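> I'd like to go over a predicted model; first the sequence, then the structure.
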Amino acid sequence: MIEQILPDRSVGVDVFEDPAEAKLWPEEEALVAGSVEKRRLEFTTARHCARQALAGLGVPPVALLSGPKREPLWPSGIVGSITHCSGYRAAVVAWDRDIASIGVDAEPNGPLPTGVLASIALDGERARVEQLLAQRPEVRWDRLLFSAKESVYKTWYPLARRWLDFDEADITFDPDRGTFDVRLLVPGPVLPGRGTLTQMTGRWLAQSSLVVTAITIAR
């Protein structure tokens with residue numbers, strides 16, 4: 001499913017259940033020591049997807065550890081992103097010579113818990129979400145906004161190496177084209193040959209009771 005919203009120069013692998021052959025490497029076991037079974041399954045299968053995606057680039061399997069913000073640490077020359085939610089796990093990778101950064105996120109296509117939208121959305125975003133919910137109620141646009149903000153952060157952090165709050169990016173969805181535009185409200189990182197990052201463009205999909213978002217920054 002995830003491949004429908006990815007560029008050609010990336011490899012995505014996703015699953016809707018936890019395969020028995022999914023195993024953690026010893027170094028990865030320490031990262032979820034003491035975690036509840038649900039967390040362990042999500043982490044294990046997501047790492048399994050990541051290794052399969054790396055294989056699609058011809059990269060041998062390796063342990064995938066985590067950085068200070070729990071971001072996956074990819075092999076040299078690789079950029080990537082991992083996501084998981086109930087009933088779904090996915091990983092996406094690409095060579096950094098082709099793509100500067102990539103972020104993906106998946107969420108259930110259901111309403112956000114009470115109060116969450118107010119905590120993540122700007123006033124303009126809330127107004128647009130409410131209008132879209134009235135026009136296209138089959139898509140939970142509030143949950144899609146949350147997913148898009150997660151994808152923004154996952155794309156931003158490897159480039160900027162600093163936090164980005166929910167209210168520091170303004171997102172507008174195109175309901176017909178399956179895309180969204182991101183306007184950064186704080187100074188972005190400087191990209192070689194491109195200058196300061198001020199905006200991003202992503203794609204979204206509502207399918208199989210999920211909403212999925214992806215952003216890529218091309219070289």
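It's in.
> show me where this protein has strands.
Residue ranges of the strands in the chain, as given by DSSP state E, are 11-15, 78-85, 88-95, 99-108, 169-174, 179-184, 190-191, 195-196, 199-207, 210-218.
> mind putting the ones you listed in TSV, distance to V32, mean neighbour count and mean pLDDT included?
Glycine gets a C-beta too; all of them are placed from N, C-alpha and C. As requested, the strands of the chain are arranged in TSV below (distance: least, C-beta to C-beta, whole Å; neighbours: other C-beta atoms under 10 Å; pLDDT from 0 to 100):
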stretch	distance to V32	mean neighbour count	mean pLDDT
strand 11-15	18	22	98
strand 78-85	12	24	98
strand 88-95	14	26	98
strand 99-108	20	24	98
strand 169-174	30	18	98
strand 179-184	31	17	98
strand 190-191	34	13	92
strand 195-196	37	10	93
strand 199-207	29	18	98
strand 210-218	23	24	97
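> Turn the ones you listed into a markdown table, including distance to G34.
Supplementary listing: those in a markdown table, determined by distance: least, C-beta to C-beta, whole Å:
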| stretch | distance to G34 |
| --- | --- |
| strand 11-15 | 25 |
| strand 78-85 | 19 |
| strand 88-95 | 21 |
| strand 99-108 | 25 |
| strand 169-174 | 34 |
| strand 179-184 | 36 |
| strand 190-191 | 39 |
| strand 195-196 | 42 |
| strand 199-207 | 35 |
| strand 210-218 | 29 |
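> Give me the distance between stretch 5-17 and the centre of its chain.
On the basis of C-alpha atoms, centre = their mean, to the nearest Å, the separation between the geometric centre of stretch 5-17 and that of its chain is 11 Å.
> measure that stretch end to end?
21 Å (C-alpha to C-alpha, to the nearest Å).
> and the gap between Q199 and I217?
In this structure, Q199 and I217 are separated by 10 Å, where distance is defined by C-beta to C-beta, to the nearest Å.
> before we move on, what about L41?
Applying C-beta to C-beta to L41 and I217 gives a distance of 31 Å.
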